[in-house]
Each structure stands twice: as structure tokens, then as C-alpha cells.
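Undergrad: Sequence first, predicted coordinates after that:
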Amino acid sequence: MNFLYAILCTIVMLAWSYVQLKTYQLVGYNIPKFLDNTIKLNFAFGSKNALKFTKRMVRFVCLYILASFGLYLLIFFFASHPLLVVLDGVIVMIFSPILITIIHYILYPVEKLIKQIYLKKAFKKLSLSKAIKVGITGSFGKTSTKNILSHILGKQFKVCASPASYNTEMGICKTILEKLDDEDVFIAEMGARNKGDIEKLAKLVQPTYAILTTIGQAHLETFKSIENIENTKFELVEFMSPDGSVVINGNSPSNIKLYKKCKKAKFLTCKNESYAYAQEVETSSSGSSFTLVIDGQRRKCKTVLLGRVNIDNIVTASALAYLMGVSFDDIQAAISTLEPTAHRLELLKSGSVTIIDDAYNSNPTGAQEALKVLESFEGRKIVITPGLVEMGEEQSRLNFQFGAQIADVADYVIIMNETNKNNILSGLISHNFDKKKIFFASSRAEQEEKLKLLTCEGCVVLFENDLPDNFS
């Protein structure tokens, strides 16, 4: 009987721990962050993100089940009174975050060993590959630039690029081991949250070519300063091939600073009279047209991609494609057939309603650009956003500023979640935005209900950023 009770309690325990395990996964298996969320009772209760049963999570859950079962079996063995059994069982459930922490550290050596095995396999396979290696990093526009470059290079080469936002060590390893075959070019998007992250990725990939997209305020919570962000992104240049070439988007002071610092073959873009830039730019709700200049040559280009930021991404990707031997005619043709990157200024239609899906953007520069795109449309304009996160000490100021920017463009606003609610609201009010046109929602269901009341024929809805479930 004790055995059956232990099984039943373990099942209940697993159900109880679901949101805690999901939170643990969403914070990247980072125990300090997990415990911080636990203390704040900031668990992933929502339905946006399901628990992903990766091989790592399967190993973790199996040990978690065994540990829970063992604890309950001990309780039933030693506790004689039913009330004592129930009390001890509840205590175990309450302290389940501690159990998660203990299992994390038990498995840590195993996970580290497995990671090293994957890294060695991926490094060996990539080293034996004849593919030209390209690394892309920056604060904003990495995924879009990667997709644009892959599309343009596809005119001449067989290309393997890390999918979606697979920009971590294990994400790039998975791409190499599962997708790289006999391609001519391998493109790796490289993301970072801490100093040294890009160094690890650059040493793994050993790129011959590199792109630095716009560098600015992103992940300030972990980086602490813009200088740390600059130094981390520059690790790609420091650890790429000694005889390699780097293309640097010159649209931020940080990028200009790093361009001057760079001692390798370097090519600046997006500044007049630089190696590559755009002139005669025209942007609208249907796309953009511009004259692309590369190394003194000019071509008139058109694209359905929205916003000036995408033109800069196109220019930067085109410059590297040209350096790699793609003809200007092929670059021009490829630009005309580009498609939007999912959830990054992606234009969608829902009946007569136009949707600008910018859900995967979470930085001040990109958010401002998205509002410029929204402004180019006719009709009622609605912004739905939870604001900007991981901005460290700047978060309050940046979300106040964001609220003020929204007020200058939107007709209605739906603020999601509580995290930045007051700062966005204050920014809206500071620019005399009508309080009756500000709405709040704490769930997608609530957001959808409010949106139904606000939408009308011909209106435009901007979804700006989308927080995972561990943000309330």
C-alpha cells in the first residue's frame, strides 16, 4: 500500500512541479535565476511556452521522479499517523524548488560531459568540412541578416545556416551535426548574454567571414554596461580566422568604435561613402525601394521587407555576399525575392485587419523602428506590447520612453503583463495619450477579448515583443 501511495504522490508532485520545471527551463537552466524567480513567486504559469522535453529535460525529469518517489516512500515508511504523512507530503511539495536545485547540481557533471562530447563532435565535423564559415553577431538584426545573407548566397552557393534563433553553443552544435552536409557555406548566428559567450562560439566555428550587426542596449541585465556588450561582440573578430574579413554595420556609435579598433580586413556599411550603403530610400506599408551602392557600383533595388532597419540588414548582408563572389546582378535579383523573417516586422493579414508581427523584437532601437513602420500605415493603429525586458537599471527609463513613443503613433494601446505596466503607462500619459484608449491584459485570452472590441475594418495591429511565461 505504501508503494502505491508513493506512486500516487509522485504523480501529484510532478503535476505540481510542472510550472517550476518550465521556469527552470525558460531561464536557461540557470539556478540563480530560477531561485530568484522562486523567491518572487514568478513562475511560468502561462500557456505561451510548453515544457520542452529535450534530452536534457528528460534526464532531469527521470531523476526528479525517482527522487520524489524515494522521498515519499521514506515518509510512508517512517510516519505512522495519517495526518503526519499528509503534512510531510505537503512540506516536500513546498520545498520542490530545493529538490530541483539539488538535482541540477547532481546532474551538472553529467551535462557538462555530454556537452563536451557534442562540442568535440561538432568541431571535428566542421573542421573537416570544406564549407566557408561565416559568423554573425550583434545586438539587433542577427537572425534577419543571417536569413538575408543565406538567401543571397543561395544564388551561387549551397548554404547551411543555423535555423531560427539557434545561436547558442548547443544550438550551433545541433545544426552542424544534424544539418551540415556537403554545403559550400556554413552560417552561424551567435548570441550572447555574458562575456565570453561569443569567444566560445567563434572558437567552435572558426569563421573566415564575420558580420557585426547593430550593437546597442540589449541584455543589460546580464552585461551591466554597453562596454561589456561591445567587448563581447568583438570577440567574434578577435577569434575568427587571422586572414578573415569582417563587415560592420556602422549605424551605431558602438559599431564605429569597434570598426576603428579592428585590425583585420574590415568593411564598413550603412554610412554614406562607406563600402556599402543605401541611397534614395523610400519606405512604405508595402515595402521599400532604394539604390544599393557597393564598392562604388550602384543598383536600384526593391523589397517587400518593412522598415529602414531591414534595408540596413540587406546592405550589410549584400556587402559580404559581394566580397564572397556573388555578382551584383544576382544580389539585386535576390533582394527582390526576399521574404520577411517570422515574427520580425512580418506583415500578416487577418480579414481586413493588417498585423505587424514584431513579437521577437525586444530592444529599444527595434521597437522604435517598428513604430515608424506602423506610422506608415493608414487606418486605426493599435499597439499590443509587454514592453522591453532584461534592460537592467535602464529598464524603467527605456519603457517610459517607449510609452512616450507609442503615444505619438498609436490610437489604442493594450499593455500586457505587469512587468513594465506602470512605466509604459507613465510614458503614454506624459505625451497626453487618452487614458480611455489604454487597456491592460494579463493573459492572451484577455488580450484577444479586448482586441476584438478595438479592431475595425482597415485597422493595423502591431505586436511588439512577446514575453515568455516566466514574466508576469
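TA: Ah, there it is.
Undergrad: Which residue ranges of the stretch 201-350 of the chain form helices?
TA: 220-223, 226-239, 253-261, 308-323, 328-336 (DSSP state H, counting those that start in this stretch).
Undergrad: looking at those, which is buried most?
TA: Burial of the helices of the stretch 201-350 of the chain is given as mean neighbour count (mean count of other Cβ atoms under 10 Å); helix 308-323 ranks first at a mean of 26. Using the backbone N, CA and C atoms, a C-beta is placed for each residue, glycine as well.
Undergrad: tell me the angle that helix makes with helix 328-336.
TA: 150 degrees (axes from the mean of the first three to the mean of the last three Cα atoms, to 10 degrees).
Undergrad: Return the distance of helix 308-323 from the chain's centre.
TA: Averaging C-alpha positions (Cα atoms, centre = their mean, to the nearest Å) puts helix 308-323 20 Å from its chain's average.
Undergrad: How about stretch 135-153?
TA: Taking mean C-alpha positions (Cα atoms, centre = their mean), stretch 135-153 and its chain are 13 Å apart.
Undergrad: can you check stretch 376-394 too?
TA: In terms of Cα atoms, centre = their mean, the gap separating the centre of stretch 376-394 from the centre of its chain is 16 Å.
Undergrad: any idea of the mean pLDDT in it?
TA: Stretch 376-394 comes out with an average pLDDT of 90.
Undergrad: Check which residues of that stretch are buried.
TA: 377, 380-391 (16 or more other Cβ atoms under 10 Å).
Undergrad: Quick check: next helix or strand after the helix or strand of the chain with the lowest mean pLDDT?
TA: Among the helices and strands of the chain, helix 82-94 carries the lowest confidence by mean pLDDT, DSSP states H and E, at a mean of 62. Sequence-wise, the next helix or strand downstream of helix 82-94 (DSSP states H and E) is helix 96-128.
Undergrad: elements contacting that following helix?
TA: If you count contacts as 3 or more Cβ pairs under 8 Å, 6 or more residues apart in numbering; DSSP states H and E, helix 96-128 packs onto helix 18-26, helix 31-39, helix 55-78, helix 169-178, helix 197-205.
Undergrad: K435 is in contact with S426, isn't it?
TA: No: taking Cβ atoms under 8 Å as the definition, K435 is not a contact partner of S426, at 11.7 Å.
Undergrad: So which of the two has more stuff around it?
TA: S426 (14 against 9; other Cβ atoms under 10 Å).
Undergrad: contacting residues for Q401?
TA: If you count contacts by Cβ atoms under 8 Å, 6 or more residues apart in numbering, Q401 has them with P364, G427.
Undergrad: To clarify, my last question referred to I7.
TA: Here I7 is in contact with F69 (Cβ under 8 Å, 6+ apart).
Undergrad: Could you tell me the angle between the helix or strand hosting it and helix 18-26?
TA: Taking DSSP H and E as the definition, one finds I7 inside helix 2-16. Using the same axes, to 10 degrees, the inter-axis angle of helix 2-16 relative to helix 18-26 is 60 degrees.
Undergrad: angle of helix 2-16 against helix 96-128?
TA: Going by the same axes, to 10 degrees, helix 2-16 makes 70 degrees with helix 96-128.
Undergrad: Pull out the buried positions in helix 2-16.
TA: A6, C9, T10, M13, L14.
Undergrad: Kindly reformat those residues as TSV containing pLDDT and distance to K200.
TA: Formatted as TSV, the buried residues of helix 2-16 follow (pLDDT from 0 to 100; distance: Cβ to Cβ, whole Å):
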residue	pLDDT	distance to K200
A6	78	43
C9	79	42
T10	84	38
M13	84	36
L14	87	34
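Undergrad: can you list these in a markdown table and add distance to F223?
TA: Formatted as a markdown table, the buried residues of helix 2-16 follow (distance: Cβ to Cβ, whole Å):
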| residue | distance to F223 |
| --- | --- |
| A6 | 46 |
| C9 | 43 |
| T10 | 41 |
| M13 | 37 |
| L14 | 36 |
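Undergrad: Could you list the low-confidence segments of the stretch 101-250 of the chain?
TA: In the predicted model of the stretch 101-250 of the chain, no residue satisfies pLDDT under 70.
Undergrad: close enough to count as contact, M416 and V389?
TA: No: assessed by Cβ under 8 Å, M416 is found out of contact with V389, at 11.5 Å.
Undergrad: tally of neighbours for Q116?
TA: Counted with other Cβ under 10 Å, the neighbours of Q116 add up to 10.
Undergrad: now D182
TA: As a burial measure, D182 scores 9 neighbours (other Cβ under 10 Å).
Undergrad: do the same with K266
TA: 18.
Undergrad: now do the one 5 residues further on
TA: Residue crowding around K271 was assessed by other Cβ under 10 Å; the count is 16.
Undergrad: Could you do the one 3 residues further on as well?
TA: Using other Cβ under 10 Å, S274 has 17 neighbouring residues.
Undergrad: Next one: it relative to E346, how far apart?
TA: 29 Å (Cβ to Cβ, to the nearest Å).
Undergrad: What of A218?
TA: Relative to E346, A218 is positioned 20 Å away (Cβ to Cβ).
Undergrad: Of all the helices and strands packed on helix 96-128, which one is nearest S286?
TA: With Cβ to Cβ as the measure, helix 169-178 is the member of the helices and strands packed on helix 96-128 nearest S286 (33.8 Å).
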